[in-house]
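A.B. asks: sequence and predicted model, in that order:
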Amino acid sequence: MEQSDAKKIKILFLFVVVLLGFLIFLGTLFYWATLDRRLPRLEHSEVNHALRGNIISADGFKIATSQKLYKALVDTRNIDPKKFDLFVKLYSLYSGDDPKAVAATLHANVGSTVLSYRIDSKSAKYLQELSRKLYRLGVFKSYEDPKTGVAFLHGLSVIESGEDRLYPSVDSVTPIIGYVKKMEQKSITKTTGVKGIERFYEDKLSSVQDSLLIGSRDISNAIILDGNSISSRRYDGYDVHLTVSLKMQKIIESVLDKYQKNLEAKEILAAVINSETGEFVTLASSNRFNPDFIEKKDYGALNISAIEYIYEPGSVMKSITFALLLKANKINPYDIINVYGGSYKLGSKIIRDTHKADSLSAEDIIVYSSNVGTAQIAQKLDPIEFYQGLKDFGFSVRSGIDLPFENPGVIPALNRFNSPIYKATVGYGYGMNATFIQVIKAYNAFNNNGRLLNLSLVKKLVSPTGQELFPEKVPEVQVIPVSVAKRMQKILIKVVQQGTGTGTKMEGLEVGGKTGTAHIAEDGEYVRIYNGSFFGFVNDKKNKYTVGVLVREAKKKHAYFAAQSAVPVFKEIIEKLVDNGYLTPSAEIQNTP
């Protein structure tokens, strides 16, 4: 019995020993299976990330472009101590980094170490070539992992880390060009549009497809291209081609900068449009920023005032009111209107003129910018004619320009036009809010046979394969008859020849327009702060341009009147158009209104 028990104990002990050995064997297998042994891979893959498309000016300059960024890594354990100084010297020579900083980084780290995160494509190619040379020079040596006993050899690696958006024209064409923000996408830094053209055309500018290359690798980790390698094509984003000339944009921006300083203005906006196509030659602001380095002081300039800032446009609306009266056949330009010496009581409101007169012809109400005259003739429009007429001209409606976050503006509700006071005040540009773009779009109809066009900043989009896409054309709207447009042209030319816009007169060119000086309201009350504007057109025998200028809050003494602020800017813009071949004065143009 005792012998039987002893035998059972021996068998049990043997079983436990075998089981324990088996468990140890399984544990060892699991350990080796899960351990990163840094064994060289027979197959290697590379991703070539696609880039965001370029934004290109009408004269062929890249205003916004993207470049790849790379990072350089090295395993400090693979650097031969005897050739450490050689590595530092060569790496610094190829990268342009400070040798002392490189050496300090390597001494401070053990194992895989990033030497630089912002390496451009050109430097990356040089460093990749350097990596191969360093292998041949024996700078790198095999290192045996003490934990695994496995040797590995990892030298200098240069891998893609993302893309960087660059703006070679610095602050020019801002804020309309917009800016981007960075975002992480699968451990790669990408950019996405936040404002302006960058945002509006985000779906076209953003990259489409990265390329992928898979194949066997050589000792320097480069893929061997042979019949067994696999590759897919890279597709970058579309290039956006603007209608805006960078040269002309810079010239006009320089003009605005000068006048902003002289007039002590908050901001000056200016635009030049091809009247027959609606394409911008320039859309400029004196308040700009560098999209590469946006600082806190730039925050106010990030918004596009031309489409986001709404204001009471003032007397430039008198031309719109008069055009609606002509369209409804409710006024004759030669009608004589009593303007009561420049002071007129309407209900409880006293309306005054800057230029005092006893009577004026209906068209001279526009020429000499009479509030009293406009208040009276505006009463001839019934509420629906006035309200719908303003909407037809594009007020309180987004213009459709290819920019995001456009403010539609505000006009009074239809029932408000039953009030004589509302008719009067809206007639000369108060009691409503509009944007710069809405006003210049409306004025463009006077220089385009009464047709209202959608204004555009982009001419076309071009894919990486050369396919061209053109923005959808919105049908033109005949907002006023051709005869009314022609009559308004003559009246606006008379404003320049005899009225409030004489400062824009230029021999040999057909120049017309209207001044606007508008009080600014703060906390429900008008204060002694003004916006001055001049909107009009300038034509030679072949070319027709609509031009607009808005001077916001000029503080220089007596400069708040449009004749002293916006008019000189308008005149200099015409001169620059002539100097750069956009207009050619001719003795055949006599400028008779």
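C.D. replies: Good, I have the coordinates.

A.B. asks: need the three-state assignment for Ile377.
C.D. replies: helix (DSSP: H, G, I helix; E, B strand; the rest coil).

A.B. asks: can you get me a residue count around it?
C.D. replies: Ile377 has 23 neighbours, counted by other Cβ atoms under 10 Å. In this view, the C-beta of every residue, glycine as well, is placed from N, C-alpha and C.

A.B. asks: who are the contact partners of it?
C.D. replies: Shown in contact with Ile377 (Cβ atoms under 8 Å, 6 or more residues apart in numbering): Thr321, Phe322, Leu325, Ile331, Ile337, Ala362, Ile365, Gly427.

A.B. asks: for those, pick the one with the most neighbours.
C.D. replies: Counting neighbours by other Cβ under 10 Å, Ile365 comes out on top of the contacts of Ile377 with 29 neighbours.

A.B. asks: in which helix or strand does that one reside?
C.D. replies: Element membership of Ile365 [criterion: DSSP states H and E] is helix 362-367.

A.B. asks: in stretch 274-288, what's buried?
C.D. replies: Within stretch 274-288, the residues that qualify as buried by neighbour count (16 or more other Cβ atoms under 10 Å) are 274-276, 278-288.

A.B. asks: again with stretch 461-473
C.D. replies: Judged by neighbour count (16+ other Cβ under 10 Å), stretch 461-473 contains these buried residues: Leu461, Val462, Ser463, Pro464.

A.B. asks: want to throw these into CSV with distance to Asn539 and pLDDT?
C.D. replies: What follows is the buried residues of stretch 461-473, written out as CSV (distance: Cβ to Cβ, whole Å; pLDDT from 0 to 100):
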residue, distance to Asn539, pLDDT
Leu461, 31, 96
Val462, 32, 96
Ser463, 37, 92
Pro464, 40, 90
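
A.B. asks: and these, which of them are in strands?
C.D. replies: Leu461, Val462 (DSSP state E).

A.B. asks: need the buried residues of stretch 461-473 in a markdown table with distance to Ile294, can you?
C.D. replies: Listed next are these as a markdown table, based on distance: Cβ to Cβ, whole Å:
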| residue | distance to Ile294 |
| --- | --- |
| Leu461 | 26 |
| Val462 | 28 |
| Ser463 | 30 |
| Pro464 | 29 |
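
A.B. asks: how about low-confidence regions in the stretch 201-350 of the chain?
C.D. replies: 210-232 (pLDDT under 70).

A.B. asks: for it, just list every one of the helices.
C.D. replies: Remark: helices assigned in the stretch 201-350 of the chain by DSSP state H, counting those that start in this stretch are 202-205, 246-263, 305-308, 317-327.

A.B. asks: out of those, which comes closest to Val240?
C.D. replies: Ranking the helices of the stretch 201-350 of the chain by proximity to Val240 (Cβ to Cβ) places helix 202-205 first, at 6.3 Å.

A.B. asks: tell me how many other residues crowd Tyr344.
C.D. replies: 20.

A.B. asks: could we number from 141 for the rest of this?
C.D. replies: From this message on, residue numbering opens at 141, which makes the last subject Tyr484.

A.B. asks: sec struct for the closest residue to it other than its chain neighbours, please.
C.D. replies: Nearest non-adjacent residue to Tyr484, counting by Cβ to Cβ, 6 or more residues apart in numbering: Val512, 4.2 Å away. The three-state assignment at Val512 reads helix, by three-state DSSP.

A.B. asks: how much space between Val512 and Gly251?
C.D. replies: Per Cβ to Cβ, to the nearest Å, Val512 is found 84 Å from Gly251.

A.B. asks: great, nothing more from me.
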